[in-house]
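K.L.:
Give the three-dimensional model of this entry:
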Amino acid sequence: MERRAGRGAGYRVEHVLTRPVAAADRKGTVLPVTEAELEQLGINVVRGLAMDAPQKADSGHPGTAMALAPLAHVLFTRIMRHDPADPHWPDRDRFILSNGHASILLYSFLFLTGYGLTLDDIKQFRQWGSKTPGHPEVHLTEGVEVTTGPLGQGFGNGVGMGIAERWLRARFGPELVDHHTFVICSDGDLMEGISHEAASLAGHLGLGRLVYVYDDNHITIDGPTELAYSDDVAGRFDAYGWHTENIGEVANDTDALEAAVHRAMAVEDRPSMIILRSHIGWPSPHKTDTADAHGSPLGEDEVRETKAILGLPPDETFWVPDEVIDFYRHAAGRGEKLNGEWRARLEAWTGDRAVWEACQQGRGLEGWSEKLPVFEAGTSLATRVAVNRCIIATAEVIPALMVGSADLTGNTGVKLDNGVNQSAEHPEGGQIHFGIREHAMGATMTGMARHGGVLPVGGTFFVFSDYMRPAVRLAALSESHVIYSWTHDSVGLGEDGPTHQPVEHLASLRAMPSLRVIRPADANETAHAWRIAVDSDGPTALVLSRQSVPVLEGTAEAAEGVARGAYVLVEPAGNPEVVLIGTGSEVSVCVEAARLLAGAGGDDGTSDDGPVRARVVSLPSWELFALQPESYRHAVIPPGTRRLAVEAAASFGWERYADDVVAIDHFGASAPGKEVLAHFGYTPENVAARARELLARTGGSRAR
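P.N.:
Residues are numbered from 1 along each chain as shown. Predicted coordinates for the structure are as follows:
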């Protein structure tokens, strides 16, 4: 595809000096008089900041930022389409620093190009309350596209951004969507397994517009990469179907770097990997190419010596002359013009503006939830089936929706009705097959959400959320709007046995801040959960059953109750003596147990002690329930009443809501699901008996 004007090799800053430059500043340091000299000074100033900030903090990673300052300079001043005055411009190029430990490199350019960071922010690097934390965090600092740090995650996020850009371009046209994603990655990123998954997926999909630069500096914290790493990186990425180019020893050659990036940008049918040999800590006289330059400040003496080599004032910290700021602000200012041209095209666009806006917001069209199905009480279906019916019913009114699974599409319910598969041949496809790549699925989903324009939904078995956990954690930390469909949620999945039966997963994921976990009791609660997941900010995990569960009386009207995390589903005649608290498929067991306790179920439930008044509470989401005022929480689960929780998972954490738990604090077993559940006590008879035992043990009031 032919690029628009302004993207070619001549796309660089010209005539940036807006006032005469003195031959020397007040310190006697020689200032530049040509554009090339000014560019070099800017690069060296960044190297100075990369030394000073970690030195002041006594913490940080200076070496990579020093080595890659010319590359970042080329990207931010010559290549990337970005507008610091409008950091969220939808058609901007995206930049990801996957090796997020080099964050001072990104912060320096965000400061210099005018994203709102100040020199004082740079001085507060890694300090309490600063906008310059140890690793980039998307909500703290304008211009940070994704939260990176754990190596490999940014690599996967970039693939997600590439998917999002191509999908949106196919749907809305290049006049609205026409940009690249640039990723800097390290040997650590490439060693982590997620990079293999994500790179394989990107190559298979033939994603263009992805330009990765591998910083091949041969150093890790432990020492030379040769201690543990001897991959043929070019051969590896060739095998994945990427375009590769090893540009060698040009880390300080801005023109060679620019030319290499432009060559990669011209590749439209596959992602590109540029291999750049750099020297960590350059030009430090004693720490270049050493592990010492990786994860620790250089030391005051080494900083002074290095500044002298660079022509910076050796004894002045955080030195940034006005000429350098003027240069970078003017260079970045060209994005305002490009942004204005884009907004004019958007204004003239005659497409469906409501669809465009819904995509940009990752939401449904107005009134979308009216399309949600209502399920008839007394019928029975698995909640994984129910979520599929919700997706199919609402897909046309949630235009941002892209759904897929890690090779378990039919099993997880994450399937469109006659959906077109996402591929190089069909970039408009909204059904994506991630393959057996859970970790990459999680990271690419976050990348899609952070790109904007896409609401990604990804499914796998709940037990394999373990494979996704690092990516899920970063989605939660960055409050990314993604939806996980985790199915086969308990020992009820049956014959696959303990390797596939999640036990500890609910407790573990409930412990993760900012992750909304919802385990619906039946199909109607699933529909309510789907509405919450689509309408809410941040990530939502839907934890769904393999086995069929009955549709219960009262759940169709429980939209508010599910949104509040818990509600009273069954109320006895008179004040309750015991509260049965269930989640997911165990709620129906609680309902039947309450009937037995009331004497409606026959001899198995009534016993000689007489009937027991039992309230049944459905508690699909601990996170949503915790947000409610104490008055509501106590009204639903009275603290003075005996409380029995019933959940086919570990008991960990239930002490906050229950006096006792029917739980599984051990691994499962291989047998038909109903048999396994019955063997572990998930029957109305056992729950009723446990409720009576609780009352007897704690001296609870008895009805005579």
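
K.L.:
show me where the stretch 351-500 of the chain has strands.
P.N.:
For the stretch 351-500 of the chain, applying DSSP state E, counting those that start in this stretch gives strands covering 380-381, 401-405, 431-433, 455-461, 483-487.

K.L.:
Out of those strands, which gets nearest to Thr499?
P.N.:
Thr499 sits nearest to strand 455-461 of all the strands of the stretch 351-500 of the chain, at 10.5 Å, using CB to CB. C-beta here means a position set from N, CA and C on the backbone, and glycine is covered the same way.

K.L.:
returning to what we had before: next, format the strands of the stretch 351-500 of the chain as CSV and append mean neighbour count, mean pLDDT and distance to Leu544.
P.N.:
Shown next, in CSV, are these (neighbours: other CB atoms under 10 Å; pLDDT from 0 to 100; distance: least, CB to CB, whole Å):
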stretch, mean neighbour count, mean pLDDT, distance to Leu544
strand 380-381, 16, 98, 11
strand 401-405, 26, 98, 12
strand 431-433, 22, 98, 19
strand 455-461, 27, 98, 9
strand 483-487, 27, 98, 4
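
K.L.:
any chance of those in TSV, with distance to His88 too?
P.N.:
Shown next, in TSV, are the strands of the stretch 351-500 of the chain (distance: least, CB to CB, whole Å):
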stretch	distance to His88
strand 380-381	41
strand 401-405	20
strand 431-433	25
strand 455-461	17
strand 483-487	22
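
K.L.:
Looking at those, which is nearest to Glu137?
P.N.:
Closest among the strands of the stretch 351-500 of the chain, using CB to CB: strand 455-461, at 20.7 Å.

K.L.:
got the contact list for the closest one?
P.N.:
With CB atoms under 8 Å, 6 or more residues apart in numbering as the test, strand 455-461 has contacts from 160, 362-363, 391, 398, 400-406, 408-409, 411-414, 434, 438, 441-442, 444-445, 448-449, 467-468, 481-488, 493, 500, 502, 534.

K.L.:
Helices - which of those land there?
P.N.:
Counting by DSSP state H, the contacts of strand 455-461 place 160, 391, 409, 411-412, 438, 441-442, 444-445, 448-449, 467-468, 534 in helices.

K.L.:
Could you identify the most distant pair in these?
P.N.:
Maximum pairwise distance among the ones in helices among the contacts of strand 455-461 (CB to CB): 24.9 Å, between Tyr467 and Val534.

K.L.:
what pLDDT, on average, does stretch 512-524 get?
P.N.:
Per-residue pLDDT over stretch 512-524 has a mean of 98.

K.L.:
Stretch 282-294 now?
P.N.:
Stretch 282-294 carries an average pLDDT of 97.

K.L.:
Send over that stretch as PDB, restricted to the C-alpha atoms.
P.N.:
Extracted C-alpha coordinates of stretch 282-294, given in PDB (Å, rounded to 0.1, in the frame of the first residue of the first chain):
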ATOM      1  CA  TRP A 282      28.300   3.300  26.100                       C
ATOM      2  CA  PRO A 283      30.500   5.400  26.400                       C
ATOM      3  CA  SER A 284      31.200   4.700  30.000                       C
ATOM      4  CA  PRO A 285      35.000   4.200  30.200                       C
ATOM      5  CA  HIS A 286      34.900   1.300  32.700                       C
ATOM      6  CA  LYS A 287      31.400  -0.100  32.500                       C
ATOM      7  CA  THR A 288      30.500  -0.400  28.800                       C
ATOM      8  CA  ASP A 289      29.600  -3.900  27.900                       C
ATOM      9  CA  THR A 290      29.400  -5.000  31.600                       C
ATOM     10  CA  ALA A 291      26.600  -6.400  33.700                       C
ATOM     11  CA  ASP A 292      27.300  -3.500  36.100                       C
ATOM     12  CA  ALA A 293      25.800  -1.100  33.600                       C
ATOM     13  CA  HIS A 294      22.600  -3.100  33.500                       C
END
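
K.L.:
list the buried ones in that stretch?
P.N.:
For stretch 282-294, burial by neighbour count (16 or more other CB atoms under 10 Å) applies to 282-284, 287-294.

K.L.:
In helices, which of those fall?
P.N.:
Those of those mapping onto helices are 292-294, per DSSP H.

K.L.:
can you give me the strands in the stretch 551-700 of the chain?
P.N.:
In the stretch 551-700 of the chain, the strands defined using DSSP E, counting those that start in this stretch lie at 567-570, 578-582, 614-618, 642-646, 660-662.

K.L.:
An error on my part: the question was meant for the stretch 201-350 of the chain.
P.N.:
210-216, 219-220, 223-224, 243-248, 272-277.

K.L.:
In contact with the closest residue to Pro572 other than its chain neighbours, which residues?
P.N.:
Spatial nearest neighbour of Pro572, excluding adjacent residues (CB to CB, 6 or more residues apart in numbering): Arg613 at 3.8 Å. Arg613 is in contact with 572-578, 597-598, 703, counting by CB under 8 Å, 6+ apart.
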